[in-house]
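A.B. asks: Got a sequence here, can you model it:
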Amino acid sequence: MSSRKFLSLFLLCALVPLAAAWASLRFGWFSAAPTVNHGEWLTQELRLLPAPAQGGGQWHLVYVLSLIHI
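C.D. replies: Take a look at the predicted model:
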């Protein structure tokens, strides 16, 4: 593959997603989506799991569920 063809494909792969994102924001294609962000900063550290008793594994699977329905 020539360097010119590689550069063209690379730029195409980089610019097409950026152009699609710009167009979707510019033309408001996602403005009618029913999403609302009610993000809040935490005031205290949130502990989800206690420390393992005996050097347990490194990984924990955690599922966080919001109980607030607005």
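A.B. asks: how about low-confidence regions in this structure?
C.D. replies: For the chain, applying pLDDT under 70 flags the ranges 31-37, 51-52, 55-57, 60, 66-70.
A.B. asks: residue boundaries of the strands in the chain?
C.D. replies: For the chain, applying DSSP state E gives no strands.
A.B. asks: Now do the helices in it.
C.D. replies: Listed in chain order, the helices found in the chain under DSSP state H are 3-26.
A.B. asks: Tell me, how many residues neighbour the nearest residue to Leu48 once chain neighbours are set aside?
C.D. replies: Spatial nearest neighbour of Leu48, chain neighbours left out: Val62 (5.1 Å); criterion: C-beta to C-beta, 6 or more residues apart in numbering. (C-beta placed from N, C-alpha, C; glycine too.) The number of residues packed near Val62 is 7, by other C-beta atoms under 10 Å.
A.B. asks: Cross-check the contact I'm expecting between Val62 and Leu49.
C.D. replies: Yes: with contact defined as C-beta atoms under 8 Å, Val62 reaches Leu49; the gap is 6.9 Å.
A.B. asks: Go ahead and confirm Phe30 touches Ala23.
C.D. replies: No: in this structure, Phe30 is not within contact of Ala23 by C-beta under 8 Å, at 10.8 Å.
A.B. asks: joint contacts of these two?
C.D. replies: Residues touching both Phe30 and Ala23 (C-beta atoms under 8 Å, 6 or more residues apart in numbering): none.
A.B. asks: and the gap between Leu11 and Pro50?
C.D. replies: Leu11 sits 51 Å away from Pro50, going by C-beta to C-beta, to the nearest Å.
A.B. asks: Which of the two has more residues huddled nearby?
C.D. replies: More crowded of Leu11 and Pro50, by other C-beta under 10 Å: Leu11, with 10 against 6.
A.B. asks: now that one: how far from Leu25?
C.D. replies: Taking C-beta to C-beta, one finds Leu11 at 21 Å from Leu25.
A.B. asks: same check, this time on Arg4
C.D. replies: Separation of Arg4 from Leu25 (C-beta to C-beta): 32 Å.
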